[in-house]
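S.K.: What follows is a predicted structure for the sequence shown.
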Amino acid sequence: MSKYLTAARIKAGIAALEDTRAKGSLLEFLLLKRTLAIKGEVSAPLTLGEQAFSRALTELAAVHDQIDMKGQRQVFNVFASDDSKGGFRAGKYVSNGPGSTVISNPWQTIVEFSGTKPRKVGFKASYLDNLEKPLLKAASEDKPKLPEVAVWNYRRTDIESILGAEADPAKRAGLLRAHFESDYNLSTQEIATLFDAAGNLGIADTDLQDQPAAPEEYLNLEGVTKPSATDPVGMPCSLDLVAALAAKPFVILTGASGTGKSRSTLRLAEQLQEMYEGQVDGNIFQLVPVGPDWTSPKRLIGFRTPFGQSRQTADGKDTNESYEITDTLRIILRACNPASTAIPHFLLFDEMNLSHVERYFAPFLSLMEASSIVEDSDNAAIIDSRSLQVISELLNLEDPDSAEAKSAKLLVSNEQPLRLPPNLFYLGTVNIDETTYMFSPKVLDRAHVLEVKALRPSEYVAGVPQEEEIDLALANQLLREAIDDRDAGEGRTSDPSKIVDSLVAKHGVEQADLDAAKQFTLRTLEGCFKLLSPVGFEFAFRINKEVYAYLYVWIKAQIAKGAIPSDAMKRWTDGLDRALFQKVLPKIHGNRSALGDSLKALHSFLGGAHADAVPPAKYTLGAEAATRIEHADAIAIPMGSEFKLCRAKLAEMHGRLLSRNYVSFVK
């Protein structure tokens, strides 16, 4: 018969641990000990990409068996249950709590770090002499009772095999304690320094039951809901962000400083990291803080050097040839690992325009599209075969079992260079001020540009969502489908509108509805082109193709969210509004003499007007003939779909043009 601890016994154990000398950091110590014990190694990364760490975190701190990522209080630190948070930790703790704690000053006498990526944590040779100060308070209370720590640890575990036929309450507690010591590989000195191994409340027959106790019975979970199989996974994600990434893997986020540009991208990446726990080795995202002195791609993809440390090659020759391996290069290699090719990976560039993007990001701008088009891999390589050979040798010396080392070795054995993989997505956040640089058309042409608007103070307090949201499962689905499409080279056609044709065959859209939507899109694009061409902002094939690619993802998302295909198609104009906002408007900039009333005319056109309407969809530059939208070329705007985003932005830009005599999309 199964034996589980009752809620009353677990609650008594928590109470026994409250008034002790234990600091909250004792949790991180035990998490590291358990991670190393599970892994059977002397060091390990404290990241969600490490399966042993995630298992240890679930065993020792998770409120429920499944850690949700909704931002709720789902982690409980039994050694800090008397603090201001009652022992609960926010969702952010799951991804960076322990990893941030162990790099703090008090831990420097206990742990040491590897030079590998992800960084591994292990104990210093002299750590046993330095445990008390960072992990125990100087107060006069007792040390935490080790049997009660064991009670907490095994709160959801069937302990029948541990207790066996033992009936004595004190001996039962001793058996549970001994099992805990073994599971955590605790040494005699660690126990003597940190715990009271003898004191316990015992485990009587009345402390056991045949079902695990619910967390609500021994923890105050007011306001915390239990995750269920039907709940959406993770915190909501921005549909605009996910749809833009799925349509094109390069997205730029603009907006005032502090509006949450970095937060939204990191939140998506961190949640997907949690979703793929146990399926990937290492992080699936890398934050890259761009420096103001970046003038070449070396900061991103590294460089070969003949002045490295002396080493032996695989054939036994001595060499000093080396390669400066960057974090960016490591995640490209991890994304290429055969076990991870269907999993989204992210490069997140913070303050992307502190340096000239066209300089340090040049290879990516050229190759992120060529990698999926050019058949000859040598002509679309980010790292050539010879350099990759050196990289592979160095990674193998560093850690042959890492995902990046395995990827490099496989590429070298197949005599292939390193290409940008289809499952790698690029996001950049930008601010515009006197310390930054504007983007060139080359950059804007290759990206979707999203604007993160600042809310009113009252809206922040009320928690008003800034944009339409989707759950993590749908975000993951859209990104994985995009990876498949990129890998298969979907969209290679001379007619960009054919990209949306599969909405009929695969997603139940009526052919008549799609034909009408395509005709409306073509008329809209023609009008925008006509009005922008005289002021120098005509757009070419790439923009046309990516507008249709975005619309394809947008309608798929509406259907996946539960809309029937006919209702999803009614939101076509909303998707086109976003596509134009992200792909056409960002390139517009100039002074009053260069732009004239072109922005005002485009605003009118997207409201359904023609040249003879009021206000008119026409303008004149100097002595040139008027640029005008004829009555037959006007667009019939569906009721409730008035290109709200584009028209609001155009009105704002035209106003700034009049007041400042110069305007750009990015302030």
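M.R.: Done, it's in.
S.K.: When you work out contacts or count neighbours from here on, use the C-alpha atoms and nothing else.
M.R.: Will do.
S.K.: Please parse this structure into its domains.
M.R.: The record's domain split for the chain, according to automatic domain parsing, is 4-218, 237-462, 491-664.
S.K.: from the chain's centre, how far out does the longest one sit?
M.R.: Right, the one you point to is domain 237-462. With CA atoms, centre = their mean, to the nearest Å as the basis, domain 237-462 stands 13 Å off its chain's centre.
S.K.: Likewise for the last one?
M.R.: Between the centre of domain 491-664 and the centre of its chain there are 30 Å (CA atoms, centre = their mean).
S.K.: Specify the local secondary structure of residue 287.
M.R.: strand (DSSP: H, G, I helix; E, B strand; the rest coil).
S.K.: Switch the domains of the chain over to CSV; also include mean neighbour count, distance to residue 481 and mean pLDDT.
M.R.: Shown next, in CSV, are the domains of the chain (neighbours: other CA atoms under 10 Å; distance: least, CA to CA, whole Å; pLDDT from 0 to 100):
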stretch, mean neighbour count, distance to residue 481, mean pLDDT
domain 4-218, 18, 23, 88
domain 237-462, 19, 8, 87
domain 491-664, 18, 9, 93
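S.K.: of those, which approaches residue 474 most closely?
M.R.: domain 491-664 (7.3 Å; CA to CA).
S.K.: so the residue most central in space within the chain is in which element?
M.R.: The residue lying closest to the centre of the chain (CA atoms, centre = their mean) is residue 269, at 1.0 Å. Assigned by DSSP states H and E, residue 269 belongs to helix 261-275.
S.K.: same check, this time on residue 279
M.R.: Using DSSP H and E, no helix or strand contains residue 279.
S.K.: residue contacts, it?
M.R.: For residue 279, the contacting residues are 339-340, by CA atoms under 8 Å, 6 or more residues apart in numbering.
S.K.: now the one 10 residues further on
M.R.: With contacts defined as CA under 8 Å, 6+ apart, residue 289 is in contact with 349-352.
S.K.: likewise residue 337?
M.R.: By CA under 8 Å, 6+ apart, the contact set of residue 337 is 403-404, 406-407.
S.K.: do residue 595 as well
M.R.: 535, 621.
S.K.: Residue 474 too?
M.R.: 557, 560-561.
S.K.: What helix or strand is it located in?
M.R.: Residue 474 belongs to helix 472-488, assigned by DSSP H and E.
S.K.: Would you map the helices across the stretch 101-250 of the chain?
M.R.: 132-135, 146-153, 160-163, 169-183, 188-194, 215-218, 239-247 (DSSP state H, counting those that start in this stretch).
S.K.: could I have the next helix or strand after the last one exported to PDB, CA atoms only?
M.R.: It stands for helix 239-247. The helix or strand immediately downstream of helix 239-247 is strand 250-254, counting by DSSP H and E. Output in PDB follows, covering the C-alpha atoms of strand 250-254 (Å, rounded to 0.1, in the frame of the first residue of the first chain):
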ATOM      1  CA  PHE A 250      14.100  39.200 -38.000                       C
ATOM      2  CA  VAL A 251      12.000  41.600 -35.900                       C
ATOM      3  CA  ILE A 252      13.000  45.100 -34.600                       C
ATOM      4  CA  LEU A 253      11.100  46.500 -31.600                       C
ATOM      5  CA  THR A 254      11.000  50.300 -31.300                       C
END
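S.K.: Extract the CA atoms of the host helix or strand of residue 567 and return them as PDB.
M.R.: Secondary structure assignment for residue 567, by DSSP H and E: helix 565-569. The C-alpha trace of helix 565-569 is given here as PDB (Å, rounded to 0.1, in the frame of the first residue of the first chain):
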ATOM      1  CA  PRO A 565     -12.400  30.400 -41.400                       C
ATOM      2  CA  SER A 566     -15.100  32.800 -42.700                       C
ATOM      3  CA  ASP A 567     -14.800  34.900 -39.500                       C
ATOM      4  CA  ALA A 568     -11.000  34.800 -39.600                       C
ATOM      5  CA  MET A 569     -11.100  36.200 -43.100                       C
END
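S.K.: And residue 25, how close does it get to residue 219?
M.R.: Between residue 25 and residue 219 the computed distance is 20 Å (CA to CA, to the nearest Å).
S.K.: Pick the one among the contacts of residue 289 closest to residue 263.
M.R.: Once CA to CA is applied, the member of those that ends up nearest residue 263 is residue 350, at 10.6 Å.
S.K.: Could you find the closest non-adjacent residue to that closest one?
M.R.: Spatially, and ignoring its direct neighbours in sequence, residue 350 is nearest to residue 289 (4.8 Å; CA to CA, 6 or more residues apart in numbering).
S.K.: before we move on, what about residue 274?
M.R.: Spatially, and ignoring its direct neighbours in sequence, residue 274 is nearest to residue 48 (6.1 Å; CA to CA, 6+ apart).
S.K.: and that neighbour, which of the three is it?
M.R.: Residue 48 - assigned by three-state DSSP - is coil.
S.K.: Residue 552 contacts residue 500, correct?
M.R.: Yes. The criterion here is CA atoms under 8 Å, and residue 552 meets it with residue 500 at 5.1 Å.
S.K.: Now for this structure: which helix has the highest residue count?
M.R.: In the chain, with assignment by DSSP state H, the single longest helix is helix 511-532.
S.K.: Can you name the element that comes right after that one?
M.R.: Counting by DSSP H and E, the next helix or strand C-terminal to helix 511-532 is helix 541-560.
S.K.: Show me what that following helix is packed against.
M.R.: Under the contact criterion of 3 or more CA pairs under 8 Å, 6 or more residues apart in numbering; DSSP states H and E, helix 541-560 touches helix 239-247, helix 472-488, helix 502-507, helix 565-569, helix 572-583.
S.K.: and the fourth one, what other elements does it pack with?
M.R.: Taking 3+ CA pairs under 8 Å, 6+ apart as contact, the helices and strands that helix 565-569 lies on are helix 511-532, helix 541-560.
S.K.: Now do the last one: everything it contacts.
M.R.: Outside helix 541-560, the residues within contact range by CA under 8 Å, 6+ apart are 243-244, 246-248, 445, 474, 478, 491, 496-497, 499-500, 503, 507, 525, 565, 568-569, 571-572, 575-576, 579-580, 583-584.
S.K.: repeat for the longest one
M.R.: Applying CA under 8 Å, 6+ apart, the external contacts of helix 511-532 come out as 497, 501, 503-504, 537-539, 544, 566, 569, 572, 576, 598, 601-602, 605-606, 618, 627-629, 633-635.
S.K.: hmm, try it at 6 Å
M.R.: Residues from elsewhere that reach helix 511-532 (CA atoms under 6 Å, 6 or more residues apart in numbering): residue 538.
S.K.: Grab the CA positions of that helix and hand them over as CSV.
M.R.: Coordinates of the C-alpha atoms in helix 511-532 are reproduced here as CSV (Å, rounded to 0.1, in the frame of the first residue of the first chain):
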residue,chain,number,x,y,z
GLN,A,511,-11.7,30.2,-52.4
ALA,A,512,-14.0,33.1,-53.1
ASP,A,513,-13.1,34.7,-49.8
LEU,A,514,-9.4,34.4,-50.5
ASP,A,515,-9.7,35.7,-54.1
ALA,A,516,-11.5,38.8,-52.8
ALA,A,517,-8.9,39.3,-50.0
LYS,A,518,-6.1,39.0,-52.5
GLN,A,519,-7.7,41.5,-54.9
PHE,A,520,-8.2,43.9,-52.0
THR,A,521,-4.5,43.5,-50.9
LEU,A,522,-3.2,44.0,-54.4
ARG,A,523,-5.3,47.2,-54.8
THR,A,524,-4.0,48.5,-51.4
LEU,A,525,-0.4,47.8,-52.2
GLU,A,526,-0.8,49.4,-55.6
GLY,A,527,-2.2,52.6,-54.0
CYS,A,528,0.6,52.7,-51.4
PHE,A,529,3.2,52.2,-54.0
LYS,A,530,1.7,55.0,-56.2
LEU,A,531,1.7,57.5,-53.3
LEU,A,532,5.1,56.7,-51.9
